[in-house]
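> Need the 3D shape of this:
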Amino acid sequence: MSRVSRRQFVYCGSLVAAGLAAPGHGMGLSVAGVDARPPLDEFGYGDVTLASELHNRQLEETSSLLMGLSDDSLLKPLRKMSGQPAPGEELGGWYLYDPNFDGQAPGWAGFAPACPYGQWVSALARSYAVTRDEKIREKVLRLNSLYAKTISGDFYENNRFPAYCYDKIVCGLMDSHQLADDSDAYRILEHTTDTAVAHLPGRAIEHGRNWRPGKDEWYSMDESYTCAENLFLAYQRGAGERYRAMGAAYLDDEYFDPLAEGCSDFDGRHAYSHVNALCSAMQAYLTLGSVKHLRAALNGFDFLAAQSFATGGWGPDERLRAPNSDDVHASLTDSHSSFETPCGSYAHFKLTRYLLRVTRDARYGDSMERVMYNTVLGAKPLLADGSTFYYADYNFKARKVYSEKRWACCSGTLPQVAADYGINAYLRDARGIFVNLYIPSSVKWTQAGVNISLTQKSAYPFEGHVAFEVTVSRAAEFDVNFRIPAWADGAYLAVKGKRVAEPVTPGTFATVRRRWKTGDRVELELPMRNRLEAIDSRHADTVALLCGPLVLFAIGENVPAVTRQQLLEARKVGAGDWRVETAAGAMKLLPYTGISDEAYSAYVVVS
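Sure, this is the predicted structure:
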């Protein structure tokens, strides 16, 4: 959430002609342009076990931190805003309720009281579903019970973000119902909705528009246009018909209609929330069957991809840009707020998961992987005082730093991101499994009465060899589909030591269908070659170096002059670092997950 002015700018034209869309997507998409089969299904949180230290550490750190926050501190702003006794220690930062907030306090303390509360409950419910730790479930149930006593219209009247907070509370309660077996969650949700509706706009109101008479400009930043996704999900999960109707009412068709026609209305819009809103468009397709909203999401993703950094991140200074703008390049010198990392990643993962489920197009998995390994997985950890890693910095003079905004919105999304890595890794259909992310892990499922598990082991993304082993309760025939990244020229598969004869095409899923037996082994080779990506076509000398899915960041305060060929000849010299030989000496490069406090640059200018 940020205060940004929005310039009204609409760009219309063929996405294909502008070079923004891959074949089969973008303007002119028909129903036939989407896979005719039912959408792929997600696995449950408990079906996937990750064996990656990086991924597991982030989940453990965020879950432990939330478990360590006292119930009274978590509920304090909800109680205070509802005029109730509010014992316990203040968390401070954005979470603080200050009725006299005027934006002058350091870090905007008091800006968004209780804003991440529902996300924290959601993250705990997801963490319980992953770990089955009963202490986590007990905290979820206890928080919901205590929260139910705070519900009042005053909470929404005293809130600059009534729709935002309601949306997150819906998410927390429906996750509590589905993932933590809270039998009271939907009763509490009904009470919440009955109370909240009189204090909500009833429709999507764009960022920057104040629909509450007598309120100052700080009240114009609510995000009602993102609410539809969770309302539709609540309906799908059995919360009631009213949530389907509410979801339809909160669709932001002022935003979606141009996108559905292949027109960009991105310029100046708040980045995270409008990408998050594309998830509502996907839910409108999945819930209502609206092809218009599917087109809006497909086209929106294409416009987003065209203005993304090599890391997959987007939205410098939290603003989307017009097509063919030089703003993203300019941000390399003008800004250190390049990508709102936890929030942006959360929206990006959801959007690409939806699009992958519906289209079965591997490009969305490629995009998800790029964002995961080059942004949020390298985020600084959330600290107990609310210090939040808010922005990734892609400036030529960059560092990883904590934001001065304590308990900001990213403190709500990071725990959700950390819990979701497993469900992003695999998808399934009636014929078998789709391996989307290459993370050391195992997944289990039942197909046609057969209990199956698939285990993958690798040092990916630092090495391109990935091994899989199958275990089945009895021999069975099914598909295993492997995402072959678009960069992986020369990739191949081998089953039981024998190379698969069918060609493996980068940018697709390669399918192996056979009668599987316990102990069957598949090996996937993804050649890791260096390549350069320019920031845009107008600044072809400003490039990032990539190896496989990893962006390699130049380390140091002063990056030496380097040529294209020298960059392309970068060599790996350790488990996770690279060297480039230049005329001025060696230049060190690291992936984002390997950077601590060093100065770095995502892009270099080559000669």
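> and residue 427, that one's in a strand?
Yes - Residue 427: assigned to a strand according to DSSP: H, G, I helix; E, B strand; the rest coil.
> contact partners of the helix or strand containing residue 365?
Using DSSP states H and E, residue 365 falls within helix 362-374. Contacts to helix 362-374, defined as CB atoms under 8 Å, 6 or more residues apart in numbering, come from residues 22, 301, 305, 310-313, 344-345, 348-349, 352-353, 355-356, 421, 424, 436-438, 461, 483-487, 507-509, 549-551, 591-593. No exception for glycine: its C-beta is placed from N, CA and C like everyone else's.
> which stretches of the stretch 501-607 of the chain form helices?
For the stretch 501-607 of the chain, applying DSSP state H, counting those that start in this stretch gives helices covering 564-568.
> how much space is there between the residue nearest the centre of the chain and residue 273?
For the chain, the residue nearest the mean C-alpha position is residue 346 (2.4 Å; CA atoms, centre = their mean). In this view, residue 346 and residue 273 are 11 Å apart by CB to CB, to the nearest Å.
> How about residue 179?
On the measure of CB to CB, residue 179 and residue 273 end up 25 Å apart.
> Which strand or helix spans the residue nearest to residue 447 when sequence neighbours are not counted?
With sequence-adjacent residues excluded and distances taken as CB to CB, 6 or more residues apart in numbering, residue 447 is closest to residue 478, at 5.5 Å. Here residue 478 sits within strand 476-484, counting by DSSP H and E.
> which residues are in contact with that strand?
With CB under 8 Å, 6+ apart, strand 476-484 has contacts from 362, 365-366, 431-437, 447-448, 450, 452, 454, 468, 470, 491, 493, 504-516, 522, 524, 526.
> swap in stretch 533-544?
Under CB under 8 Å, 6+ apart, the answer for stretch 533-544 is 309-311, 326, 328-329, 332, 532, 546, 551-552, 564, 567, 602-607.
> For whatever helix or strand residue 248 lives in, name the packing helices and strands.
Element membership for residue 248 (DSSP H and E) is helix 241-249. When contacts are defined as 3 or more CB pairs under 8 Å, 6 or more residues apart in numbering; DSSP states H and E, helix 241-249 packs onto helix 185-196, helix 228-236, helix 271-288.
> Can you check which of the ones you listed gets nearest to residue 584?
helix 271-288 (36.8 Å; CB to CB).
> Can you give the distance of the closest one from its chain's centre?
13 Å (CA atoms, centre = their mean, to the nearest Å).
> Could I get the average pLDDT for it?
Mean pLDDT, helix 271-288: 98.
> With stretch 131-145 instead?
For stretch 131-145, the per-residue pLDDT averages 98.
> For that stretch, buried residues please.
Using 16 or more other CB atoms under 10 Å as the test for burial, stretch 131-145 gives 131, 136, 137, 139, 140, 141, 143, 144.
> Take the contacts of helix 362-374 and keep only those in strands.
Members of the contacts of helix 362-374 lying in strands (criterion: DSSP state E): 483, 484, 508, 509, 550, 551.
> List just the nearest of those residues to residue 206.
residue 551 (33.4 Å).
> Let me see the confidence value for that closest one.
Looking at residue 551, the pLDDT reads 98.
> Helix or strand: which one has the closest residue to residue 93 other than its chain neighbours?
In space, and not counting its chain neighbours, residue 93 is closest to residue 406: 2.9 Å by CB to CB, 6+ apart. Assessed by DSSP H and E, residue 406 sits outside every helix and strand.
> Let me know how buried residue 406 is, in neighbour terms.
Residue 406 has 22 neighbours, counted by other CB atoms under 10 Å.
> One more: residue 180?
By the measure other CB under 10 Å, the count of residues near residue 180 is 23.
> Against residue 262, how distant is it?
Residue 180 is 42 Å from residue 262, by CB to CB.
> before we move on, what about residue 352?
Distance check for residue 352 against residue 262: by CB to CB, it reads 20 Å.
> cool, residue 602 as well?
Counting by CB to CB, the gap from residue 602 to residue 262 is 30 Å.
> one step back: next up, the contacts around the residue nearest to residue 93.
Residues near residue 406 by CB under 8 Å, 6+ apart: 92, 93, 94, 95, 107, 109, 385, 386, 387, 388.
> ok, and the most crowded of these?
Most neighbours among these, by other CB under 10 Å: residue 388, with 30 neighbours.
> so that residue touches residue 402, yeah?
Yes - here residue 388 reaches residue 402: they are 6.5 Å apart, a contact under CB atoms under 8 Å.
> for residue 66, helix, strand, or coil?
helix.
> Could you report the neighbour count for it?
Counted with other CB under 10 Å, the neighbours of residue 66 add up to 22.
> And for residue 504?
So residue 504, with other CB under 10 Å, has 19 neighbours.
> Wait, it touches residue 491, no?
Yes - with contacts defined as CB under 8 Å, residue 504 counts as touching residue 491 at a distance of 4.9 Å.
> Can you pull the residues that touch both of those two?
Joint contacts of residue 504 and residue 491 (CB under 8 Å, 6+ apart) are 484, 510.
> So what pairs up with residue 551 in the strands?
residue 546 (DSSP bridges).
> on that earlier part again, which members of the ones in strands among the contacts of helix 362-374 are the farthest-apart pair?
Farthest pair in the ones in strands among the contacts of helix 362-374 (CB to CB) is 509 and 551. Separation: 24.1 Å.
> okay, those two: which has more neighbours?
Higher neighbour count among residue 509 and residue 551: residue 551, with 25 against 20, using other CB under 10 Å.
> For the more buried one, give its distance to residue 544.
5 Å.
> Find residues that contact each of those two.
Residues touching both residue 551 and residue 544 (CB under 8 Å, 6+ apart): 310, 311, 602.
> Relative to residue 67, which of the residues you listed is nearest.
residue 311 (31.0 Å).
> Make sure that closest one is actually in contact with residue 339.
Yes - here residue 311 reaches residue 339: they are 7.1 Å apart, a contact under CB under 8 Å.
> quick one: which of these two has more around it?
residue 339 (29 against 24).
> That one and residue 309: what is the separation?
Counting by CB to CB, the gap from residue 339 to residue 309 is 7 Å.
> Next, the distance between the ends of stretch 591-606.
19 Å (CA to CA, to the nearest Å).
> and that stretch, average pLDDT?
For stretch 591-606, the per-residue pLDDT averages 97.
> Stretch 473-484: which residues count as buried?
So stretch 473-484, judged by 16+ other CB under 10 Å, has buried residues 476, 478, 479, 480, 481, 482, 483, 484.
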